[in-house]
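> Structure, please.
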Amino acid sequence: MKKENKLEWFKNFAEKHPVLSTVLVIMGFKTFAPIIRRFINKLMNDD
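Numbers count the residues shown, from 1 in each chain. Next comes the predicted model:
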């Protein structure tokens, strides 16, 4: 699946299910935030 198609699909999905898509984004962010934070800390501490 191409990135553009995914964006289009998500736009359509978000229009049909705004609450569900918001929940999915928040859940995804909560999942990835610790990983990103760990990665940033690693970059900062490598100096």
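> Show me what counts as buried in the longest helix anywhere in the chain.
Assignment by DSSP state H gives helix 18-45 as the longest helix of the chain. Of all the residues in helix 18-45, not one is buried under the rule 16 or more other Cβ atoms under 10 Å. Using the backbone N, CA and C atoms, a C-beta is placed for each residue, glycine as well.
> Name the helix or strand for E8, please.
Element membership of E8, judged by DSSP states H and E, is helix 3-16.
> And that helix, what does it pack against?
helix 18-45 (3 or more Cβ pairs under 8 Å, 6 or more residues apart in numbering; DSSP states H and E).
> ok and the helix it packs on relative to helix 3-16, angle-wise?
130 degrees (axes from the mean of the first three to the mean of the last three Cα atoms, to 10 degrees).
> Which elements pack onto helix 18-45?
If you count contacts as 3+ Cβ pairs under 8 Å, 6+ apart, helix 18-45 packs onto helix 3-16.
> mean confidence for the helix it packs on?
Helix 3-16 carries an average pLDDT of 89.
> Now find how far off-centre it is within its chain.
Centre-to-centre, helix 3-16 and its host chain are 14 Å apart (Cα atoms, centre = their mean, to the nearest Å).
> what do you get for stretch 4-17?
With Cα atoms, centre = their mean, you get 14 Å for stretch 4-17.
> What residues of that stretch count as buried?
For stretch 4-17, using 16+ other Cβ under 10 Å, no residue counts as buried.
> what are the C-alpha coordinates of that stretch, in PDB please?
C-alpha atoms of stretch 4-17 as PDB (Å, rounded to 0.1, in the frame of the first residue of the first chain):
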ATOM      1  CA  GLU A   4      -0.600   8.400  -0.500                       C
ATOM      2  CA  ASN A   5      -3.200   5.700  -0.500                       C
ATOM      3  CA  LYS A   6      -2.800   5.200   3.200                       C
ATOM      4  CA  LEU A   7      -3.300   9.000   3.800                       C
ATOM      5  CA  GLU A   8      -6.400   9.000   1.600                       C
ATOM      6  CA  TRP A   9      -7.700   5.900   3.400                       C
ATOM      7  CA  PHE A  10      -7.100   7.500   6.800                       C
ATOM      8  CA  LYS A  11      -8.700  10.800   5.800                       C
ATOM      9  CA  ASN A  12     -11.800   8.900   4.700                       C
ATOM     10  CA  PHE A  13     -11.700   6.800   7.900                       C
ATOM     11  CA  ALA A  14     -11.300   9.900  10.000                       C
ATOM     12  CA  GLU A  15     -14.300  11.600   8.400                       C
ATOM     13  CA  LYS A  16     -16.500   8.500   9.000                       C
ATOM     14  CA  HIS A  17     -15.200   7.700  12.500                       C
END
